[in-house]
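Visitor: Give me a 3D structure for the following:
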Amino acid sequence: MSSTIVVAGVTSLYMAMPVPDFPLPYASQRFPEWMRVEVSGAACHIASTVHTLGDEARLCTLVGEDLAGEAINTSLRARGLWGPGVVTAPRSSLGVVLVASNGRRSGHPYVAAVNTVEYPVEVFRCLLHGADLAVLTNTAFVRPLLEHARERHVPIAVDVHLITDVDDAYNRPWLEVADIIFCSHERLPCPPRQWVAKIFQRYPGCAVAAVGLGGRGCVMGLTDGSLVEAVAIAPRGVVSTAGAGDALFASFVHSWLATGNPMAALEDAVLHAGWKVGDTFPGATSLTAVELAQLRESHPVAMFLGRWDSQRMTARRGSASHDSNQTRP
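Guide: Next up is the predicted model:
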């Protein structure tokens, strides 16, 4: 089932290259084994992923009148993402990703060029017409758009990435209007299960709260008290984890809209993200819905069920699902 998803946020020209490890020792010169230049950024990656899965992606982003902007516009047109929501700005957003041999990444986004630009509200409001969901990334120029999505009664999905506080002042405007909230576990002040409970207590309008766990998968909570853990799986191995959180988030919202089943959507999300990290630049490649369904047949995801107030989770699906008495701490 195809959905219409408005995605607002940054599109960047990125360079990725391998490094020996972190911390990175000084060297006056290196000759990397590979290097890639691609168009990505959170909004572009999310829009590209849902578009490849079969949705109509309406990208609201800023692209500069510079050399990088020429490359970005060329890529967006080739990927079917260029449209009225791509607005011209003086300069483009840029980024560099360093990737260690175990797949760990160190991202260096340069978004100062677009952070001070005001995105035209009327363009955004026009693209909201008939939309099933608005994915509003937490970049600065998106903040003024939040109220307009809520006024139009369009469900809102957000990924607040490396958040550290449930009352975080910067991210609060996004959290207060979101129906779906994703974040990373990397800087959370408490275990993911407690974080999910805190989100629902602090933001009662939220329907789904999920925490990406990197190499351990993802934990998702629902308003009925259910807690679901999907165990990570990497069908092609791990080459680069750059953009893995965006892949997880984008794949979830696609499948959630298509099926209405958050558990099935989480399974698809973990599997697709795990497949993507097998590439040197995960943001540049995605599966179609048919390809993802075929991959799901050969690579089932282990799923565990529990509740926010429980310390144990029961296996239900995937490779760990054969014994209904299995539990997980």
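
Visitor: Now for residue 101, how many residues are close by?
Guide: A count of nearby residues for residue 101, using other CB atoms under 10 Å, gives 12. Quick note: C-beta positions are derived from backbone N, CA and C, even for glycine.

Visitor: pLDDT at it, what is it?
Guide: Predicted confidence (pLDDT) for residue 101: 94.

Visitor: Run through the residues that contact it.
Guide: For residue 101, the contacting residues are 18, 20-21, taking CB atoms under 8 Å, 6 or more residues apart in numbering as the criterion.

Visitor: Name the SS class of it, please.
Guide: Taken by DSSP: H, G, I helix; E, B strand; the rest coil, the conformation at residue 101 corresponds to coil.

Visitor: For it, grab phi and psi.
Guide: Reported as degrees, to the nearest 10, the phi and psi values for residue 101 are phi -60, psi -20.

Visitor: ok, what's across the strand from residue 106?
Guide: Here residue 106 sits in beta bridges with residue 98, as judged by DSSP bridges.

Visitor: Would you mind measuring from it to residue 245?
Guide: For residue 106, the distance to residue 245 under the criterion CB to CB, to the nearest Å works out to 14 Å.

Visitor: neighbour count winner among the two?
Guide: Set side by side, residue 106 and residue 245 show more neighbours around residue 245, with 23 against 14, by other CB under 10 Å.

Visitor: Quick check: beta-bridge partners of the nearest residue to the more buried one once chain neighbours are set aside?
Guide: Beyond its immediate neighbours in the sequence, the residue positioned closest to residue 245 (CB to CB, 6 or more residues apart in numbering) is residue 212, lying 5.0 Å away. Taking DSSP bridges, one obtains residue 184, residue 218 as the residues bridged to residue 212.

Visitor: What pLDDT does the model give residue 212?
Guide: Predicted confidence (pLDDT) for residue 212: 98.

Visitor: residues touching residue 98, list them.
Guide: Residue 98 is in contact with 16-19, 22, 24, 105-106, 108, counting by CB under 8 Å, 6+ apart.

Visitor: Equivalent analysis for residue 61, please.
Guide: With contact taken as CB under 8 Å, 6+ apart, residue 61 is in contact with 8-11, 41, 43-44, 85-87.

Visitor: Apply 7 Å and report the result again.
Guide: The contact partners of residue 61, by CB atoms under 7 Å, 6 or more residues apart in numbering, come to 9-11, 43-44, 85-86.

Visitor: What's the local residue count around the residue nearest to residue 245?
Guide: Neighbour count for residue 212, taken as other CB under 10 Å: 28.

Visitor: Pull up the pairing partners for the longest strand along the chain, direction included.
Guide: Ranked by residue count under DSSP state E, the longest strand found in the chain is strand 56-64. When sheet partners are counted by DSSP bridges, strand 56-64 sits next to strand 4-8 (parallel), strand 86-89 (parallel).

Visitor: Could you check which helix or strand contains the closest residue to residue 39 other than its chain neighbours?
Guide: Leaving out its chain neighbours, the residue that sits closest to residue 39 by CB to CB, 6+ apart is residue 75, at 3.8 Å. Secondary structure assignment for residue 75, by DSSP states H and E: helix 67-78.

Visitor: next SSE after the one helix or strand residue 125 maps to?
Guide: Taking DSSP H and E as the criterion, residue 125 maps to helix 121-128. From helix 121-128 onward toward the C-terminus, using DSSP H and E, the following helix or strand is strand 133-136.

Visitor: Look up how far residue 131 lies from residue 4.
Guide: The gap separating residue 4 from residue 131 is 5 Å, by CB to CB.

Visitor: Actually, residue 57.
Guide: Residue 57 sits at a distance of 10 Å from residue 131 (criterion: CB to CB).

Visitor: Quick one: residues contacting the residue nearest the centre of the chain.
Guide: Most central in the chain under CA atoms, centre = their mean is residue 246, positioned 2.0 Å from the mean C-alpha point. With contacts defined as CB under 7 Å, 6+ apart, the neighbours of residue 246 are 42, 45-46.

Visitor: Can I get the residues you listed in JSON lines including secondary structure, pLDDT and neighbour count?
Guide: Compiled in JSON lines, the contacts of residue 246 are given as follows (DSSP: H, G, I helix; E, B strand; the rest coil; pLDDT from 0 to 100; neighbours: other CB atoms under 10 Å):
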{"residue": "42", "secondary structure": "helix", "pLDDT": "97", "neighbour count": "28"}
{"residue": "45", "secondary structure": "helix", "pLDDT": "98", "neighbour count": "31"}
{"residue": "46", "secondary structure": "helix", "pLDDT": "98", "neighbour count": "29"}
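
Visitor: Which one of these is nearest to residue 118?
Guide: Of all the contacts of residue 246, the one with the least separation from residue 118 (CB to CB) is residue 42, at 19.1 Å.

Visitor: can I assume the closest one is in contact with residue 8?
Guide: No. In terms of CB atoms under 7 Å, residue 42 does not count as a neighbour of residue 8; the distance is 10.0 Å.

Visitor: Next one, pLDDT for residue 308 please.
Guide: In this prediction residue 308 is given a pLDDT of 78.
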